[in-house]
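Chemist: sequence first, predicted model second:
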Amino acid sequence: MIELSHLRLGQLGFGVRLGLSLFLAMIAAGYFMGLRYLAHHVAQKDDDPEFSWIDLEATYHGVDKPAPLLSVMEDSAHRGYLASEKEYETWVRWLRAEPPKGGGTKDPIYAGFDPEDVPEDQPIPAEIVQDRCGRCHAVGAKEGGDISKRVPLGDWASLSKLAYAKKLDPISPEILTVSSHTHFLSIPTFALLVFGLLLLTGWPRIVRHGLFALGLLGLACDFAGMWLARLDPVYLWLVVGGGATFGGCLGLAMLAMVLEMWVSPYLRGARQDPPA
């Protein structure tokens, strides 16, 4: 009978090693699916299907997102389509228009899109969209590839989705508390199981202990960052860096265990020296 202090995963029977391998596979699959769900859920924050830093900042800190039609003109490539500085100034003034002081229901952006009684030499947004943007974004446009299908700018209905700034509020403290309660109890539990089993391998002490300590340190930083980011978005780097560190250490630990169980017995036999 093998004493626990001398136990190596590679010494276990076939059935036990198979069961542990399936356990690791389920942990890996569950972790991967959790990441996919989180990325998909967070990516919806700014109504853009692509995951971005704005999504992350909006989720944990909140952000004032400028109108996409305004921010895109900060790109020199798009701004180059405008014929003059006057067109650029008109574009910016239109999208930064605010409701009149004292209240009222008039929408300055809608009203300013195609205003009446404008001097002949003064460009208006509707003409800019038709003459400059329409080359690529109008329905059936021959330039720009399929951009007219992905970002059509043919009428106000399509333009309105991109013409307004948005205030994206972070998730509420109540929801973050519930999420923290769930994750603080579940993730460290399976992490402890995985890293604990890693100690029962023949890998060098620095590998076993290093992955154990670094992985849980990364997890702690990830958890702390979710709350600290409410104070300052710079703490989102704790979420990103800590989460990546934990995920990397977890993956390496599982790989090390698989190699210990299925490769080492055939390369060097079951080792008998105790894990320090």
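Modeler: Perfect, thanks for sending it.
Chemist: which residues touch stretch 55-63?
Modeler: The contact list for stretch 55-63 (C-beta atoms under 8 Å, 6 or more residues apart in numbering) reads 42-46, 48, 54, 65, 167-171, 225-226, 229-230, 232-233, 236, 239-240. Quick note: C-beta positions are derived from backbone N, CA and C, even for glycine.
Chemist: at 7 Å what do you get?
Modeler: With contact meaning C-beta atoms under 7 Å, 6 or more residues apart in numbering, stretch 55-63 is reached by 42-43, 45-46, 54, 168-171, 226, 229-230, 233, 236, 239.
Chemist: and Arg132, that one's in a helix?
Modeler: Yes: if the criterion is DSSP: H, G, I helix; E, B strand; the rest coil, then Arg132 is within a helix.
Chemist: roughly how far apart are it and Ala97?
Modeler: Distance, Arg132 to Ala97, by C-beta to C-beta, to the nearest Å: 19 Å.
Chemist: how far is the helix ranked longest in the chain from where the chain is centred?
Modeler: Using DSSP state H, we find that the single longest helix of the chain is helix 14-43. In terms of C-alpha atoms, centre = their mean, to the nearest Å, the centre of helix 14-43 is found 19 Å from the chain centre.
Chemist: please save the CA atoms from stretch 130-138 in CSV.
Modeler: Coordinates of each C-alpha in stretch 130-138 appear next as CSV, following Å, rounded to 0.1, in the frame of the first residue of the first chain:
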residue,chain,number,x,y,z
GLN,A,130,-25.1,61.5,-48.5
ASP,A,131,-22.0,62.8,-50.3
ARG,A,132,-19.2,61.5,-48.2
CYS,A,133,-20.4,58.6,-46.1
GLY,A,134,-22.7,57.3,-48.8
ARG,A,135,-19.8,56.3,-51.0
CYS,A,136,-19.3,53.2,-48.8
HIS,A,137,-22.2,53.1,-46.4
ALA,A,138,-25.3,53.7,-48.6
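Chemist: can you report how many residues lie near Ile147?
Modeler: 13 (other C-beta atoms under 10 Å).
Chemist: now it. Nearest residue, chain neighbours left out?
Modeler: Cys136 (5.3 Å; C-beta to C-beta, 6 or more residues apart in numbering).
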